[in-house]
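Novice: predicted model and sequence below, questions to follow.
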Amino acid sequence: MKRSHTCGALTSEHVGQAVTLCGWVDTVRDHGGILFIDLRDRYGMTQVVCDPDDSAAAAEVAKSTRPEFVIQVKGTVRARPADMVNARIATGGIELVGESVTILNTSKTPPFPLDEDKAAKVHEELRMESRYLDLRRASVQRGLILRHKMAIAVRKFMDEQEFIEVETPILTKSTPEGARDYLVPNRVTPGTFYALPQAPQQYKQLLMVGGMDRYFQLARCFRDEDLRADRQPEFTQIDVEMSFVDEEDLYGIIDGLLAEVMVASGHPRPELPLPRMSWHEAMDRFGSDKPDLRFGWELTSLADVFAETEFKVFANVLKSGGVIKAINCKGQAGIPIRMIDEWTVLAKSHGMGGLAYIRVQEDGTWKSPIVKFFAEAEVEALRAKLSVEPGDLVLFAAEQAKNVDPFLGKLRLEAANHAGIIPKGEFKFTWVTEFPLFEETDAGRLVSMHHPFTTPKPEDVPLLDTDPGKVRAVAYDIVLNGVELGSGSIRIHDPALQGKMFDLLKVSEEEKESRFGHLLKALAYGAPPHGGIALGFDRLALLMAGGKTIRDVIAFPKNHKGIDLMMDAPSTVDAKQLHDVHIQLDLPPEVE
RNA sequence: GGGGUCUUAGCUCAAUUGGUUAGAGCGUCGGCCUGUCACGCCGAAGGUUGCGGGUUCAAGUCCCGUAGAUCCCGCCA
């Protein structure tokens, strides 16, 4: 071994020992005679002292080092004088007296400062181009180490629960629904393609048919869609499937899993079971199927308050079957009018006529363009229902519920973010259950909200014939701090019911066969009742790490356009490679 | 596909109403310095103001186009 200890290992216990350290030069402080080197590796930082009076040769070599040189230092551990202890680093009580310094490798000057504070401000593009240097920073390493700890915790817990990790293929079959597939041309049979999996959905169900009973996988998934701060073209899911279970069993497992992940990430163990609410309740109270429960400002229905109102706008909405709802943004009366103007634009884009508001002055008077239309009793009822106090800002929306809820849900988040009231360092989980089985497209067609193998709630099965839009599914999301962490369902294992689903979804026999034939065939051979979930591992890591983008917890992430700035991928390939896989390019005219 | 923001030295930024030779801190290089820990002090080098065009006596600054980055909408069963 080239080293006896790491740069984070030495303490006062080692004083007097002869040791060898290796690492990167973090800083050199040259006093003309005596010279200090902060030596850094993954484990920490240790101060090396080179005094020409101790070893002229070592001091000479040390003098020629520069930041990011890789060196080996042999020497003796010495306690620092009491007034020279550095309390900010773990090894601050000792220093290594350099008796021999060897330069293992030199380094060019990095293109950006690796110093934590400064690096945090550098354009991400530049850091990504030289990600291997960015990775030397402790904060980046912390993210990857956290991710590792999480993965270990997941595997340990799932193993204890009798789950088997099974790898499913990366080269698989294209499924035209859902996200766009990444395609891989097949050399052997010209004109055919593999697709990279968007998720191991069908494989995991086939594993249940195969009797694996409990399956999980840290599964890499690929989706060729436009990216976001929390979305990469390739990402990792904790994929889970179980046989002979109902949703309660699944909640139990995932509750336990998330508790272990929280602990492994250095956070408090959440109280179990994790809270639950129905999809309907989430939409009604928070205007979102992924409610952020870290703050209040809930949506409140005012239909009863304004049932008899003379205010025409509200009366007309109620008459046409719409709803009137409001949120009380506590203490936000002082918000500038230009914010309200901005939100009015948002309101109109969601189909509202406008955005009504009340700003409650400190003296208790209500400043609002609409209050003058309210009856005295309505004002009082409103005050009581929304607990209106001086300093509050009340925002109204009146329209059809399907427009009001999403709008107020978005407004609630915007206003809370603007006010800066969302507490940091809190973790508020919730299950959202009983998702609708279908949603209606603009063209009036029914499509699966989750996927076509999702089972309807047994008591809602009769509605499939009469009012399919009202059917609730045994489908659920797990949500943390307003972020959808994962999504799953209990699957259909009854071929007759599955057939009915395809009829409702207007899937033709042909499509059925080409897209799901293998799965349908398998389900006919004694498929056990089963269900599962997939959790976004990168997103979970991001939330545990408290970072800003998913790129913070991925070693080599791609940018917003799916480009790996370091490798410069994707790239063109040469004609021979294209010829081998029988591909001819047909590029748009602007590409030269 | 659409919208917002950004692009000036290696890095982070500044530059008045369009007006002299585009500045600062950090970093880099050289010199000095024997207890610092973001060491200190002295000095130096370093610029096609993303790129292309236009307006003007004069453009980092105004206009048009374009490239790249980033965030959002659409999209992501």
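Specialist: Structure's in. What do you need? Numbers count the residues shown, from 1 in each chain, chains lettered A, B, ... in the order given.

Novice: tally of neighbours for residue A:211?
Specialist: Counted with other Cβ atoms under 10 Å, the neighbours of residue A:211 add up to 9. Where C-beta positions appear, they are placed from N, C-alpha and C, glycine not excepted.

Novice: residue ranges with poor pLDDT in chain A?
Specialist: A:442, A:589-592 (pLDDT under 70).

Novice: if we go to 80?
Specialist: Low-confidence segments of chain A, defined by pLDDT under 80: A:175-177, A:338, A:440-445, A:587-592.

Novice: which element is encountered next along the chain beyond the longest helix belonging to chain A?
Specialist: In chain A, with assignment by DSSP state H, the single longest helix is helix A:138-160. Once the chain leaves helix A:138-160, the next helix or strand it forms, by DSSP states H and E, is strand A:164-165.

Novice: pretty sure residue A:183 sits against residue A:174.
Specialist: Yes. Residue A:183 is in contact with residue A:174 according to Cβ atoms under 8 Å; the separation is 6.7 Å.

Novice: tell me which of the two has more neighbours.
Specialist: residue A:174 (17 against 12).

Novice: quick one, what contacts the more buried one?
Specialist: A:181, A:183, A:193, A:194, A:195 (Cβ atoms under 8 Å, 6 or more residues apart in numbering).

Novice: select only the buried ones of those residues in ChimeraX?
Specialist: Buried subset of the contacts of residue A:174, written as a ChimeraX selection, criterion 16 or more other Cβ atoms under 10 Å:
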select /A:181,193,194,195
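
Novice: select from the contacts of residue A:174 every entry located in strands.
Specialist: Taking DSSP state E, the ones among the contacts of residue A:174 that sit in strands are A:183, A:193, A:194, A:195.

Novice: how near is the first one to RNA strand B?
Specialist: If I follow you right, that is residue A:183. To RNA strand B, residue A:183 is 16 Å away according to Cβ to the nearest atom of the strand, to the nearest Å.

Novice: now look at stretch A:535-555 and say if it contacts RNA strand B.
Specialist: Yes. Against RNA strand B, stretch A:535-555 shows contacts by Cβ under 7 Å from any atom of the strand at residue A:549.

Novice: figure out the length between the terminal residues of that stretch.
Specialist: When the termini of stretch A:535-555 are compared using Cα to Cα, to the nearest Å, they are 19 Å apart.

Novice: report the distance from it to the chain centre.
Specialist: Centroid separation for stretch A:535-555 versus its chain: 6 Å, with Cα atoms, centre = their mean, to the nearest Å.

Novice: which residues touch that stretch?
Specialist: Residues contacting stretch A:535-555 (Cβ under 8 Å, 6+ apart): A:124, A:128, A:131, A:135, A:140, A:142-144, A:146-147, A:150-151, A:154, A:218, A:229-232, A:235-238, A:240, A:254, A:261-262, A:265, A:267, A:424-425, A:427, A:478, A:480-481, A:483-486, A:557.

Novice: could you do stretch A:274-290 as well?
Specialist: Stretch A:274-290 is touched from outside by A:251, A:255, A:258, A:291-293, A:298-299, A:301, A:404-413, A:429-436, A:472, A:477-479, A:482-484, with contacts defined as Cβ under 8 Å, 6+ apart.

Novice: make it 6 Å
Specialist: With contact meaning Cβ atoms under 6 Å, 6 or more residues apart in numbering, stretch A:274-290 is reached by A:255, A:291, A:298-299, A:405-406, A:408-409, A:429-435, A:479, A:482, A:484.

Novice: any of these buried? List them.
Specialist: Buried residues within the contacts of stretch A:274-290, counting neighbours by 16+ other Cβ under 10 Å: A:255, A:291, A:298-299, A:405-406, A:408-409, A:429-435, A:479, A:482, A:484.

Novice: what about the residues you listed, which are in helices?
Specialist: Among the buried ones among the contacts of stretch A:274-290, the ones falling in helices (DSSP H) are A:255, A:405, A:406, A:408, A:409.

Novice: mind listing what the second one touches?
Specialist: For residue A:405, the contacting residues are A:283, A:287, by Cβ under 6 Å, 6+ apart.

Novice: how does it look with 7 Å?
Specialist: A:283, A:284, A:287, A:299 (Cβ atoms under 7 Å, 6 or more residues apart in numbering).

Novice: wait, does the longest helix of chain A contact RNA strand B?
Specialist: No. Contact of helix A:138-160 with RNA strand B (Cβ under 7 Å from any atom of the strand) is absent, the minimum separation being 13.4 Å.

Novice: in CSV, list the C-alpha atoms belonging to that helix.
Specialist: Provided in CSV are the C-alpha atoms of helix A:138-160 (Å, rounded to 0.1, in the frame of the first residue of the first chain):
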residue,chain,number,x,y,z
ALA,A,138,-16.5,17.1,-0.6
SER,A,139,-20.1,18.3,-1.1
VAL,A,140,-20.4,16.3,-4.4
GLN,A,141,-18.8,13.3,-2.8
ARG,A,142,-21.3,13.5,0.0
GLY,A,143,-24.2,13.3,-2.5
LEU,A,144,-22.8,10.1,-4.0
ILE,A,145,-22.0,8.6,-0.6
LEU,A,146,-25.5,9.3,0.5
ARG,A,147,-26.9,7.6,-2.6
HIS,A,148,-24.7,4.6,-1.8
LYS,A,149,-25.9,4.4,1.8
MET,A,150,-29.5,4.6,0.5
ALA,A,151,-28.9,1.8,-2.0
ILE,A,152,-27.4,-0.4,0.7
ALA,A,153,-30.3,0.3,3.1
VAL,A,154,-32.8,-0.6,0.3
ARG,A,155,-31.1,-3.9,-0.5
LYS,A,156,-30.8,-4.8,3.2
PHE,A,157,-34.4,-4.0,4.0
MET,A,158,-35.8,-5.7,0.9
ASP,A,159,-33.6,-8.8,1.5
GLU,A,160,-34.9,-9.0,5.1
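
Novice: what's the local residue count around the nearest residue to residue A:307 once chain neighbours are set aside?
Specialist: Closest residue to residue A:307 apart from its sequence neighbours, by Cβ to Cβ, 6 or more residues apart in numbering: residue A:318 at 7.1 Å. Residues near residue A:318, counting by other Cβ under 10 Å, number 17.

Novice: name the SS class of residue A:351, please.
Specialist: Using DSSP: H, G, I helix; E, B strand; the rest coil, the secondary structure recorded for residue A:351 is coil.

Novice: so residue A:180 makes contact with residue A:226?
Specialist: No. Residue A:180 is beyond contact range of residue A:226, at 9.8 Å (criterion: Cβ atoms under 7 Å).
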